[in-house]
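# one predicted model, sequence on top.
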Amino acid sequence: MKQQPRAVVIGGGIGGLAAAIGLYESGWSVTVLERAASLDPVGSGIGLAPNGQRALDVLGLGDRVRALAAWEGDGGMRAQGGRWLVRTNAAAAEATYGGTLVMLHRATLVDLLVSALPEEAVRTGTRARLTDPGAADRPAVVTTDEGDIEADLVVGADGINSAVRTALFPAHPGPVYAGFTAWRFVVPAPKEVFAPDKAFAPHETWGRGGVWGTHPLRDGRVYAYATARLPEGGRAPDGEKAELERRFADWHAPIPGLIAAVGSEDILRNDVRHLATPLAAYHRGRVALIGDAAHAMTPSLGQGGNQAIEDAVVLAHHTAPGGDLAAGLAAYSAARVLRTTEIVRRAARASRVTHLDSAPLIAVRNALISAATRIGPDFVMRSFSSIADWRPPQAPYAAGTTIEAAQRSAEATDREPAQR
């Protein structure tokens, strides 16, 4: 009997887990090695756009994610004082993109991904490094504290500071500071966030030198994020809550109330970095890079996690067991490098537009956005269509999952006592 081919995934984040599912479903024996003691992600949210949801359809999880959508009404983009620049709704998003944005807690998504893998597939608390990328005539080798693991395929899903990327492409300069810092937190939702008043609908606000986002989650909490232009490496001496108050407390409601509701210890602050220099390929030998390890981008388009899930299903499609692995990995790079490189560039351009400091330039920007919206309600949305309308190269593995079954699953998840 022919031995089942073995794949090792270094990194147990969203991209790594998605890749593991795709490879497992296509016939690989899969092991995920995560150096953290658990898979509990940091306390923040993630927005899954229609393209990311279609990738999850391939993994049999798309309906379960869509059932977690928290808001079916209006949303959009606002100015610092609260004026709406762009209004969107679920119907318009469905017509333009073929789906709507689903915002959920990262822990919820990780739990869904883990549930699709055999329990023994995920090994936490395991440090791993690539010691040989392998070749056509020899396996790749991953070294852990317990010894070496030979693999027919290795997936580098170890994030923006990827050691796998460095091992494959040591001359690459790596990530650079994008010029701004981000704060993220999740808090119980003030009642007014879910009120019919559209002022509290999900929104992203573009102000002077910064951005604020407010998104309700299905479990009754709110995910909020903020960004601002700051020197790299800074920290607020009196705590990050005080820093948010200084920068955003005079912005429109419900921003001041959300800041008041969070403790400084529950605010995550990270300098935003990205791979400004693109890689020419996402593979070498028997190793493929996915997600931030391959194409870390700024969060300005909300595509980091979505592109990692896209990577996962495209990689699984091109590396079916029994095929020509070298040709499959080359096809994976060909399918992903151009798309993700362009998205990285677009995200960087968007970051510059959203972090303008000049009041006259901000006025011009907002006027142009408002004018574009008056041309047609979906005019601004269409600029995102080339990203959101992506389709996976393969059909779902788990066809036939019903929305009703997904809703029951989501309701069961809501009843679980532990909320991370």
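Ah, there it is.
# what sits against the residue lying closest to residue 350 once chain neighbours are set aside?
Nearest in space to residue 350, with sequence neighbours left out and distances taken as C-beta to C-beta, 6 or more residues apart in numbering, is residue 300 at 3.9 Å. Glycine gets a C-beta too; all of them are placed from N, C-alpha and C. Counting by C-beta atoms under 8 Å, 6 or more residues apart in numbering, residue 300 touches 211, 347-348, 350-351, 354.
# from these, which is closest to residue 39?
residue 347 (26.3 Å; C-beta to C-beta).
# the stretch 101-250 of the chain: strands as residue ranges?
For the stretch 101-250 of the chain, the strands defined by DSSP state E, counting those that start in this stretch occupy 102-105, 122-123, 128-132, 140-144, 147-151, 153-156, 176-188, 203-206, 210-216, 221-229.
# relative to strand 147-151, how tilted is the fourth one?
Orientation of strand 140-144 against strand 147-151 (axes from the mean of the first three to the mean of the last three C-alpha atoms, to 10 degrees) gives an angle of 150 degrees.
# and strand 140-144, what does it pack against?
strand 6-10, strand 128-132, strand 147-151, strand 153-156 (3 or more C-beta pairs under 8 Å, 6 or more residues apart in numbering; DSSP states H and E).
# what comes up buried for that strand?
Using 16 or more other C-beta atoms under 10 Å as the test for burial, strand 140-144 gives 140-142, 144.
# pLDDT weak spots in the protein?
Low-confidence segments of the chain (pLDDT under 70): 1-2, 43, 71-73, 192-200, 375-383, 397-420.
# could you point out which element follows the longest helix along it?
The longest helix of the chain (DSSP state H) is helix 325-354. Toward the C-terminal end, the helix or strand that comes next after helix 325-354 (DSSP states H and E) is helix 359-375.
# re earlier: can I get the buried residues of strand 140-144 in CSV with distance to residue 94?
Below are the buried residues of strand 140-144 laid out as CSV (distance: C-beta to C-beta, whole Å):
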residue, distance to residue 94
140, 43
141, 47
142, 43
144, 46
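# okay, buried residues for the longest helix of the chain please.
Result for helix 325-354 [16+ other C-beta under 10 Å]: buried residues 325, 328-329, 331-333, 335-337, 339-341, 343-344, 346-348, 350-351, 354.
# do the same with stretch 385-399
387-388, 390, 392, 394, 396-397.
# just grab the bridge partners of residue 183 for me.
residue 226, residue 269 (DSSP bridges).
# does residue 215 touch residue 48 like I think?
No: using C-beta atoms under 8 Å as the test, residue 215 is too far from residue 48 to be in contact (11.6 Å).
# who has more neighbours, the two?
residue 48 (27 against 23; other C-beta atoms under 10 Å).
# excluding chain neighbours, what is closest to that one?
Of all residues not flanking residue 48 in the chain, residue 102 sits nearest, at 4.7 Å (C-beta to C-beta, 6+ apart).
# rewinding a little: which neighbours do residue 215 and residue 48 share?
Residues touching both residue 215 and residue 48 (C-beta under 8 Å, 6+ apart) are residue 103.
# contacts only, for residue 45.
Applying C-beta under 8 Å, 6+ apart to residue 45 gives the contacts 103-106, 184, 186, 215, 217, 223, 225.
# ok, it to residue 24 distance?
Using C-beta to C-beta, to the nearest Å, we find residue 45 at a distance of 27 Å from residue 24.
# using CSV, lay out the helices and strands packed on strand 140-144 together with mean neighbour count and distance to residue 63.
What follows is the helices and strands packed on strand 140-144, written out as CSV (neighbours: other C-beta atoms under 10 Å; distance: least, C-beta to C-beta, whole Å):
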stretch, mean neighbour count, distance to residue 63
strand 6-10, 28, 25
strand 128-132, 20, 33
strand 147-151, 15, 32
strand 153-156, 30, 26
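# can you put the ones you listed in CSV and add distance to residue 162?
Formatted as CSV, those follow (distance: least, C-beta to C-beta, whole Å):
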stretch, distance to residue 162
strand 6-10, 9
strand 128-132, 10
strand 147-151, 17
strand 153-156, 6
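# and residue 23, its phi and psi?
phi -70, psi -40 (degrees, to the nearest 10).
# actually residue 139, not the one I typed
In terms of degrees, to the nearest 10, the main-chain angles of residue 139 are phi -70, psi 160.
# from the middle of its chain, how far away would stretch 235-245 be?
26 Å (C-alpha atoms, centre = their mean, to the nearest Å).
# nope, stretch 222-232 is what I was after
Using C-alpha atoms, centre = their mean, the offset of stretch 222-232 from its chain centre is 16 Å.
# list the buried residues in it.
222-228, 230.
# ok, now which ones touch residue 164?
Residue 164 sits next to 10, 130, 154, 156, 158, 287, 289, 293 when contact means C-beta under 8 Å, 6+ apart.
# and which of these is nearest residue 78?
residue 293 (34.3 Å).
# give the contact list for the closest residue to that closest one other than its chain neighbours.
Of all residues not flanking residue 293 in the chain, residue 162 sits nearest, at 3.6 Å (C-beta to C-beta, 6+ apart). Neighbouring residues of residue 162 by C-beta under 8 Å, 6+ apart: 156, 289, 292-293.
# hmm, 7 Å instead?
156, 289, 293 (C-beta atoms under 7 Å, 6 or more residues apart in numbering).
# is it true that the second one touches residue 156?
It refers to residue 289. Yes: look at residue 289 against residue 156 with C-beta atoms under 7 Å: they come within range, at 4.5 Å.
# intersection of neighbour lists for those two?
Joint contacts of residue 289 and residue 156 (C-beta under 7 Å, 6+ apart) are 162, 164-165.
# nearest to residue 117 among the residues you listed?
Comparing the shared contacts of residue 289 and residue 156 against residue 117 with C-beta to C-beta places residue 164 closest, at 20.3 Å.
# any idea how far that closest one lies from residue 384?
31 Å.
# ok, residue 162 next?
27 Å.
# same question, residue 254
The gap separating residue 254 from residue 384 is 25 Å, by C-beta to C-beta.
# which residues does the closest residue to residue 283 other than its chain neighbours contact?
Spatial nearest neighbour of residue 283, chain neighbours left out: residue 329 (4.0 Å); criterion: C-beta to C-beta, 6+ apart. Listed by C-beta under 7 Å, 6+ apart, the contact set of residue 329 reads 283, 288, 319.
# residue 49 against residue 388, yeah?
Yes: shown here, residue 49 and residue 388 form a contact pair, counting by C-beta under 7 Å, at 5.1 Å.
# make TSV from the strands of the stretch 101-250 of the chain and add distance to residue 358 to it.
Below are the strands of the stretch 101-250 of the chain laid out as TSV (distance: least, C-beta to C-beta, whole Å):
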stretch	distance to residue 358
strand 102-105	31
strand 122-123	49
strand 128-132	46
strand 140-144	50
strand 147-151	52
strand 153-156	41
strand 176-188	15
strand 203-206	13
strand 210-216	13
strand 221-229	12
